[in-house]
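Let's see this in three dimensions:
(chains A and B)
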Amino acid sequence: MRPVAFDYIRPDSVEEAWQALADDDDATVLGGGQSLIPVLRFRLAAPTTLVDLGAIEALKQIREDGEDLVIGAMATHHAVAHDPLVRAHASVLAQAAASVADPQIRYRGTVGGALAHADPAGDIAPAALALDATVEITGPDGTRTVPARDFFEDYFTTDLQPGELLSALRVPKHTGWGMHYEKFSPAAQSWAIVAVAAAVRTEDGTVAEARLGMANMGAVPLRAPAAEQALAGRPTHGPATGEAAARAGEDTDPPSDLGGTPEYRRHLAGVLAGRAVQTACGAAGAVEG
Amino acid sequence: MSTTTAPTEAADGEIGRARLRKEDRRLLTGRTRWTDSLTLPGMVHLSLLRSPVAHARLTNIDTGAAKQAPGVVGVWTGADLPEQGQMPTAWTVSEDMLTPPFFPVSVGAVKHVGDIIAVVAATSKEEADDAVELIDVDYEDLPVVTDPVAALADGAPLVHPELGTNVCATWGLDSGALGTGGSAAEAIRAAEADPDQVVIRRTLRQNRITPAYIEPRSIVVDPTAEQVTLWSATQVPHIVRLLMAMTQPVAEHELRVIAPDVGGGFGGKLQFTREEALVLLIAQRLQLPCKYTESRSESMQSSHHARDQVQELTLAARRDGTITALEVKLTADMGAYLGILTAGIPLLGGFMFNGIYKIPAYNFHCTDVFTNKTMTDAYRGAGKPEATFGIERMLDELAVELDLDPVEVRRRNWIKREEFPYATVAGLTYDSADYDQATDRALELFGYDELRAEQQRRQSSGDPVRLGIGVCTFVELSGLAPSRVLGGLNYGSGGWEHASIRMLPTGKVEVVAGTTPHGQGHATAFAQIVSDELGVPFEDITLITGDTGMSHKGMDTYGSRSLVVGGMAIVGAARKVVEKAKPIAAHILEADVADIDYHRGKFSVRGTQSSVTISEIALGTWLAHDLPDGLEPNLDSDNTFDPENFSFASGPHLAAVEVDTQPGQVTLRDYVCVQDVGVLVNPLIVNGQVHGGLAQGIGQALYEDIHYTEDGQLTTGTFADYLVPAAPDVPRFRTDTTVTESTTNTLGVKAVGETGTTAAPPAIVNAVLDALRPLGVRDITMPCTPVNVWTAIQQAAQQGQE
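Okay, here's the model as predicted:
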């Protein structure tokens, strides 16, 4: 199918992008196009202007800023997956980015685009939640930050307001933490049925702090508070972490589709969380020595 | 992706050489001619309004706004096209078969999501798409039925109320009545009373799938010449021409059909489509070239689906494993309409449910049922994969029941080498095979005994990742078809194939074939055959096909017939060329025709050194300066070949799966098959066909599922929802071949294209069940997706507690 006709603008700066969005109430931002173009082709949306951020070099940067990493919204999944800073300080995000779809999509799809699209089955958000990341949003009235866990409001709906741009993902460095992304997809290139990102800080062979981000367990990407609390204080070796992590599906209302029933997804979240935490503990243990 | 351990014997001629495909240089570098690539002067583009609902009366269609939209040339509903003819079905399977109204554009009502309501023609595809959205339709919803068994119940909603029933046709075969065996009903009754026998009853479900060819269907019609030319991404240009002429307002001699490069078909393009008919109708109305190319969404909604059967199976056997009877009761989902072979596809399976086994009594009964879904029709194997699934699943059930090894229970029942040709209980005669040899080879390659030991170890240690081993020893009817057999089945055509050979003055050769390729490698395989027949180098032979203007006669490509039937037509044509050349050779060599010997392009006088080549004769014939008196200066030859029997490919397939019971994930760890496809014309192409077929068979077993909601909405309308396996999802196949030459054609060849899709689903499902039986799992829904596997394990655990 073909999209409804639209105007196309490719600004060189964030300011020009704001202007383009201000000029047309029905304008939409184009990142890498890996989600938006299919939406347009199915005619599920018919924006009158596409504002392509692809020429704004500042939005593609991945840099350190004190204790944080700042990942530009237009950094591609491929760039994030291979970036040495991300791999050193937020490896679960690199791992999640490397698991997105297939290489062609990873070369075009962007972190900001994936977050703004807010598909609850997406790979980037669970990692962002596990890393307690914040989303940077800029508009003509200034820049604001929103914790990733508050950014998602419903299926394909976020806190982004008309005229605003998602400019970056700010990720606190998790140096020394153990991390793992456990993605369960029925076929190599398909969406996850459920995925779990785990970030674990260990002290003296026990879990000091654990955070879990989950994909496709509800209308928005979710944390798993019951499992996270249960994990604290557990020994990193042995079955204890798996038992605690198995609570990841508690109090969730996951979707029902051909990929799985809600009951199956809740079960699967527990299995995957257990595996993610155990691998993460292993990685943390290796750092701890 | 493959290791082939078959020793490649140094081939004497071209047949048997693993040549790279000559068409690939062009196809793989994008120098292709797809239908959608065609642009003609003044061409307009068509878009279709398709039904968003499964069953409704069309109480009003307002096309006013669409007609006023920019670029629009015309808008037509079914009522606006009184010249359109009923879409044909080529197979009236029984006298009581009911055929519903089915037109290129629906009139008055829609019967499934994707049904065609209106056509828009515009100067660009974009404008046509935009205008489609402006058509305003009032739908009066009608009750929907999507399940074929539910459709048979009293009071079920009727798909076609005017027919008064959802039963399309019933068809049966009984070996007692046929004289090929005893009465299955009697044998089963006797078995039930016999303490030395077991009777096993199972109900199995064949999931609905779609052929998922990569090139969407595309049609261009040019009405601006003496003949109307229709280009179509089709497997069957000759059949399209004939059926178009028989049903729509165009005469056969006024229509030329061309299938240019076609990007996959698998049966999905073995169809005369409403889209082909309506593009012709609109082109005739406008007297302008018209193009329509479907989107993937339209393909998923409206290109025919396949399988979708409920199989109620009863198998009786003695406790030593010897089968005494088989009864098959099928409920087959037709969808809402009948395509060219829709009603007959399940019947093809009726001849194959007995598999490779000596079954003394057999009964097959099929009920074809209408539902508010897209019609089903042929897909790679067409009825035979369904049958193979049924019997091969039952053989495993028998092995479990009797606590026998699944290979051993098969061995006790299969036909032995010395028993060929073997007249089966279903009324066919199998040509040749050696199931023992092939299976022994496969077991050795697979490491069967070691895997069984590992399976035991894992089970004892309580490993949550279970190992399962699946067996399928398939046989596949191929080479459609002896015309008389088709006549006996009331099939609407013959089964012959046609070929011509043109000897060019420079000694080069054009082969004109009635079958047309869409990925099979015809240009290569046919050149190998002709090279051996005529002694002309492989490189000097080219293939002309897929154009009724150049290849005027043919039955096209499906049913594993291109080599088995089409190849034989080519051999016959080549031999006629040689016979025509012989008197000319004798004339040149000043010898008697009776003294001329021929071998691979060289004519010689017996007992002498004097000879002349076929190339020299070709030039001499063209010059015609010095030919025998009264001889036509022409070596070109036509041949039409009608097979006397089918040929039967066979072989064991062995699958090893690991089932991670926690998430319910099946991983295919190893796959071995040793196939007997008769003489290998090109082992590389054979292997490619096996790999592709296996990938699609794995798709049905583990991934693919066309799913409708109860109100008839298609929930698997994209490749994000309808999963097909990609390269990372399939294992490294290990294949080998054994060769018993077919006795039903002089090439000694059997089919290969449909073997993988036929054998893989039961091999894999048997393996998954083999892994899970210790957990109490007795059956599983295909495809074996994680949620289906997990659900089966949960249900078994619950039943175990009760």
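
Please list the residues of chain B that sit near chain A.
For chain B, the residues found near chain A under the criterion CB under 8 Å from any CB of the partner chain are B:125-126, B:129-130, B:133, B:295, B:297, B:662-665, B:703, B:705, B:707, B:715-716, B:720-721, B:723-726, B:728-729, B:785-787, B:790-791. Every C-beta, even on glycine, is put in place using the N, C-alpha and C of the backbone.

Among those residues, which are located in strands?
With DSSP state E as the criterion, strands contain residue B:665 from among these.

Buried ones among the residues of chain B next to chain A?
B:125-126, B:129-130, B:133, B:295, B:297, B:662-665, B:703, B:705, B:707, B:716, B:721, B:723-725, B:729, B:785-787, B:790-791 (16 or more other CB atoms under 10 Å in any protein chain shown).

Please narrow the residues you listed to those residing in helices.
B:125-126, B:129-130, B:297, B:786-787, B:790-791 (DSSP state H).

ok but residue A:51 is inside a strand, no?
Yes: going by DSSP: H, G, I helix; E, B strand; the rest coil, the assignment for residue A:51 places it inside a strand.

got a list of what it touches?
Shown in contact with residue A:51 (CB atoms under 8 Å, 6 or more residues apart in numbering or on different chains): A:9-11, A:17, A:20-21, A:27-30.

Quick check: beta-bridge partners of it?
Using DSSP bridges, the beta-bridge partners of residue A:51 come out as residue A:9, residue A:29.

what about residue A:220, is that helix, strand or coil?
Secondary structure assignment for residue A:220 (three-state DSSP): coil.

what about it, distance to residue A:156?
As judged by CB to CB, to the nearest Å, residue A:220 and residue A:156 stand 10 Å apart.

shared neighbours of the two, anything?
Residues touching both residue A:220 and residue A:156 (CB under 8 Å, 6+ apart): residue A:118.

Is residue B:420 in contact with residue B:430, as I believe?
Yes: in this structure, residue B:420 sits in contact with residue B:430. The criterion is CB atoms under 8 Å, and the distance is 6.2 Å.

out of those two, which sits in the more crowded spot?
Set side by side, residue B:420 and residue B:430 show more neighbours around residue B:430, with 22 against 16, by other CB atoms under 10 Å in any protein chain shown.

Contacts only, for that one.
Counting by CB under 8 Å, 6+ apart, residue B:430 has contacts B:356, B:415, B:420-422, B:424, B:475, B:648.

Test for you: state the pLDDT assigned to it.
Looking at residue B:430, its pLDDT stands at 96.

Could you find the closest non-adjacent residue to residue B:185?
residue B:363 (6.5 Å; CB to CB, 6 or more residues apart in numbering or on different chains).

That neighbour: helix or strand, and which one exactly?
Under the criterion of DSSP states H and E, residue B:363 resides in strand B:362-370.

Can you show me the helices along the stretch 51-200 of chain A?
Across the stretch 51-200 of chain A, reading from the start of the chain, the helices by DSSP state H, counting those that start in this stretch fall at A:77-82, A:84-89, A:91-98, A:103-108, A:111-117, A:124-130, A:148-151.

other SSEs contacting the fourth one?
This means helix A:103-108. Using 3 or more CB pairs under 8 Å, 6 or more residues apart in numbering or on different chains; DSSP states H and E, the elements in contact with helix A:103-108 are helix A:77-82.
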